[in-house]
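# Just a sequence and a predicted model for now, questions to come.
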Amino acid sequence: MIDLGLIVARLLHYAAVTTLAGVSFLPLYAYADAEPVVLLRWRQGVLLAAAITALLSALLWFVFSVANMSGTLADVADREVLWTVLSETTFGRVWTARLVLSIIVIGLFWSRVVSKLGPRRDLITPVLAAVLLISLAGVGHAQIEEGVEGIIHVVSDAAHLLAAGAWLGGLAPLGYILLLHGGESGRAQKSEFDENLLRFSGMGYLAVATLVGSGLVNSWFLIGNVSGLFTTPYGQLLIVKLVLFAGMLALAVSNRFWLVPLLTEGRGDDRNGSTVWIGKLRNHVLGEQFLGLAVLLVVSVLGTMRPAIGQ
């Protein structure tokens, strides 16, 4: 019961913080000028919902982590146990800071939704979202090592989280842009849409390269050698994650080198043909999101397991 609750809490939190990061990063690379108002309003609503989910799931994660440390859910109501976890463990101190940051983020997003501010360059939101996301490196398996190795592992884990947030979290606004474009017409809208797709692809290159590089570093610390992939439960589950990641990568490559060129170069004025290819691209994006959610589920389980190198 405790393990299942911890996995569910982790999954909800990972989904929320990656969404926060990906949705807040979008204006930094997708638009040279101010983004469309309709997209801004949508993003503000999604950011607020994701921030609230992040806070609630963080509380659940803390509750089940305390129960996991003590062995029973009843100890969550014990003030002495709570104080010990909060003040004497790295997890407690980092989690306290993350909860405070989550509350600040909710307040910021709520004020912006209520005030209905117009489009403008915003660096505060992506910075706060990035800090909330990469701070997860302070409570994961990256804490096993000490000294220089520990620093390298934490930095690598933070880079892995940031890249995952940019790619996986960025799929949500990309899907919404595809939905909006289905009802648009005109050369100006098509030109802007084409630029959005190409810029997202450019961000995707960087995100995938970072994921692969940081993933190899993390595997070195957590697996140790190739045999650990096949002889330990942790390694076998990591293989499942790699297969899911390969599926996401296959869809992304198909989008970049097949569907996007068809939309940006070969569609001409064929409105019906354009709609068909946009529909295919939207389905691919949904497929990436589904596989990405499955990856987050696997990561949520891996976080509760002992790394292969320690088995």
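It's in.

# What residues of the lowest-mean-pLDDT helix or strand in the chain count as buried?
Using mean pLDDT, DSSP states H and E, the weakest-scoring helix or strand in the chain turns out to be helix 260-264, at a mean of 75. For helix 260-264, the buried set under the neighbour-count rule, 16 or more other C-beta atoms under 10 Å, comprises Val260, Leu262, Leu263. All C-beta spots, glycine's among them, are computed from the backbone N, C-alpha and C.

# Leaving out chain neighbours, which residue sits closest to the last one?
Once flanking residues are discounted, Leu263 sits nearest to Trp277: 5.3 Å by C-beta to C-beta, 6 or more residues apart in numbering.

# Next one: that neighbour from Asp75, what distance?
56 Å (C-beta to C-beta, to the nearest Å).

# shouldn't Leu293 be in contact with Ala15?
Yes: if you go by C-beta atoms under 8 Å, Leu293 and Ala15 touch, sitting 6.7 Å apart.

# neighbour-wise, which of those two wins?
Shown here are Leu293 and Ala15; by other C-beta atoms under 10 Å, Ala15 has more neighbours (21 against 15).

# separation between the more buried one and Thr231?
Per C-beta to C-beta, Ala15 is found 31 Å from Thr231.

# Spit out the contact partners of Leu211.
His160, Ala163, Ala164, Trp167, Phe245 (C-beta atoms under 8 Å, 6 or more residues apart in numbering).

# Quick one: low-confidence residue ranges for the protein.
Within the chain, the stretches with pLDDT under 70 are 32, 116-121, 182-191, 264-274, 310-311.

# Can you show me the helices along it?
With DSSP state H as the criterion, the chain has helices at 2-30, 37-70, 79-88, 90-115, 124-134, 147-181, 187-222, 227-231, 233-254, 260-264, 271-302.

# how about those in CSV, adding distance to Ile309?
Below are the helices of the chain laid out as CSV (distance: least, C-beta to C-beta, whole Å):
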stretch, distance to Ile309
helix 2-30, 21
helix 37-70, 21
helix 79-88, 26
helix 90-115, 20
helix 124-134, 23
helix 147-181, 11
helix 187-222, 6
helix 227-231, 7
helix 233-254, 9
helix 260-264, 40
helix 271-302, 13
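
# if I look at Thr18, how far off is Val46?
From Thr18 over to Val46 the distance is 12 Å, taken as C-beta to C-beta.

# The two: which has the busier surroundings?
Using other C-beta under 10 Å as the criterion, Thr18 and Val46 rank with Thr18 on top: 28 against 20.

# Now do the contacts for that one.
Leu133, Ala164, Gly165, Leu168, Gly169, Leu296.

# Ok, Leu73 next?
Met1, Ile2, Val63, Phe64, Ala67.

# which among those residues gets closest to Ser102?
Comparing the contacts of Leu73 against Ser102 with C-beta to C-beta places Val63 closest, at 15.0 Å.

# how's this protein carved up into domains?
Domain assignment for the chain by automatic domain parsing gives 1-139, 145-311.

# so Thr125 makes contact with Ile104?
No: counting by C-beta under 8 Å, Ile104 is not a contact partner of Thr125; they are 11.5 Å apart.

# Between those two, which has more neighbouring residues?
Taking neighbours as other C-beta under 10 Å, Thr125 and Ile104 compare with Thr125 leading, 22 against 13.

# Just the CA trace of stretch 150-164, in CSV.
Only the C-alpha atoms of stretch 150-164 are listed here, as CSV (Å, rounded to 0.1, in the frame of the first residue of the first chain):
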residue,chain,number,x,y,z
GLY,A,150,28.3,13.0,-6.3
ILE,A,151,28.5,16.4,-7.9
ILE,A,152,28.8,14.9,-11.3
HIS,A,153,25.9,12.6,-10.7
VAL,A,154,23.7,15.4,-9.4
VAL,A,155,24.5,17.7,-12.3
SER,A,156,23.9,14.9,-14.8
ASP,A,157,20.6,14.1,-13.2
ALA,A,158,19.5,17.8,-13.2
ALA,A,159,20.4,18.0,-16.9
HIS,A,160,18.4,14.8,-17.6
LEU,A,161,15.4,16.2,-15.8
LEU,A,162,15.6,19.6,-17.5
ALA,A,163,15.8,18.0,-21.0
ALA,A,164,12.9,15.6,-20.2
